[in-house]
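return a 3D structure for these sequence lines:
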Amino acid sequence: MNALRNKLNQNVILHKKIIMKSITLSTMMTTVSSFGTATASVALCEGKDDDQNNILEKIKAAATTAIDFDAVGQILGSKTQNIIDSGVPTQISYGFVCGFSSGYTMKKIGKVASVVFGLGFVTLQSLSYAGYINVDHKALQKDVENAFDLNNDGKVDDQDANIVYNKVMEVLQFNMTGGSGFAAGFVGGVRSG
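Predicted coordinates:
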């Protein structure tokens, strides 16, 4: 039983090594081809059944060949350094963090505003029920709808929400370098808040 288990473990390890070599080879070929140096290509011809056109055989052959990991590391390292030197990751990260924080805060502020509005409504209804005040709900509804109807079409709908969203994003993204990261972070912050 132990011999069978050892044999299975060796096969799993062998397959993992072949998969890792395949991934490394694929990454290396993509990276090297972007520099314009020698590349290896795989071409498939329809209607042919010979072994040279069998893609699985080509992948297995490529996976069993020796790979110069130092060269791959140098190429990937130089490409990574070029990307970091461009400043884009820093801008995206900064924008994302600022956006996430802003979105999270806006969601929390919205929750607090909902609680305050709800408590105000409960208070008004309780005072009205007890006979201390008389609330004109039609006038109150009209005033609230006019305050939230930003495009003046007579109804509060998703167009008004888009106007609010665009105004908020315009203010929050003013002079930001990583605008796309900010927007993605803002949405993430609102969803997680």
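
count the neighbours of residue 149 for me.
Using other Cβ atoms under 10 Å, the number of residues around residue 149 comes to 16. Quick note: C-beta positions are derived from backbone N, CA and C, even for glycine.

same thing with residue 79?
Neighbouring residues of residue 79 were enumerated by other Cβ under 10 Å; the total is 13.

so that it lines up with my notes, have the first residue be 58 from now on.
Got it, the first residue is 58 from now on, which makes the last one we talked about residue 136.

what's it sitting at in phi/psi?
Taking degrees, to the nearest 10, you get phi -70, psi -40 for the backbone angles of residue 136.

state the distance from it to residue 225.
In this structure, residue 136 lies at 37 Å from residue 225, with Cβ to Cβ, to the nearest Å as the measure.

low-confidence stretches in the chain?
For the chain, the stretches with pLDDT under 70 are 58-110, 120, 140-141, 144-149, 234-237.

can I get whichever strand or helix holds residue 137 in PDB? Just the C-alpha atoms.
Here residue 137 sits within helix 126-143, counting by DSSP states H and E. Once side chains and other backbone atoms are set aside, the C-alpha atoms of helix 126-143 remain, and they are given as PDB (Å, rounded to 0.1, in the frame of the first residue of the first chain):
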ATOM      1  CA  PHE A 126      15.700  30.400 -15.000                       C
ATOM      2  CA  ASP A 127      18.300  33.000 -14.500                       C
ATOM      3  CA  ALA A 128      17.700  34.500 -17.900                       C
ATOM      4  CA  VAL A 129      13.900  34.400 -17.300                       C
ATOM      5  CA  GLY A 130      14.400  36.100 -13.900                       C
ATOM      6  CA  GLN A 131      16.600  38.800 -15.500                       C
ATOM      7  CA  ILE A 132      14.100  39.500 -18.300                       C
ATOM      8  CA  LEU A 133      11.100  39.500 -15.900                       C
ATOM      9  CA  GLY A 134      13.000  41.700 -13.400                       C
ATOM     10  CA  SER A 135      13.900  44.300 -16.000                       C
ATOM     11  CA  LYS A 136      10.300  44.400 -17.300                       C
ATOM     12  CA  THR A 137       9.000  44.800 -13.800                       C
ATOM     13  CA  GLN A 138      11.500  47.500 -13.000                       C
ATOM     14  CA  ASN A 139      10.500  49.400 -16.200                       C
ATOM     15  CA  ILE A 140       6.800  49.300 -15.100                       C
ATOM     16  CA  ILE A 141       7.700  50.500 -11.600                       C
ATOM     17  CA  ASP A 142       9.900  53.300 -12.900                       C
ATOM     18  CA  SER A 143       6.900  54.500 -15.000                       C
END
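
which SSE is immediately downstream of it?
Using DSSP H and E, the first helix or strand after helix 126-143 is helix 145-187.

which strands or helices does that following helix pack on?
Other helices and strands packing on helix 145-187, by 3 or more Cβ pairs under 8 Å, 6 or more residues apart in numbering; DSSP states H and E, are helix 215-229, helix 236-249.

now do 6 Å
On a contact count with 3 or more Cβ pairs under 6 Å, 6 or more residues apart in numbering; DSSP states H and E, helix 145-187 meets helix 236-249.
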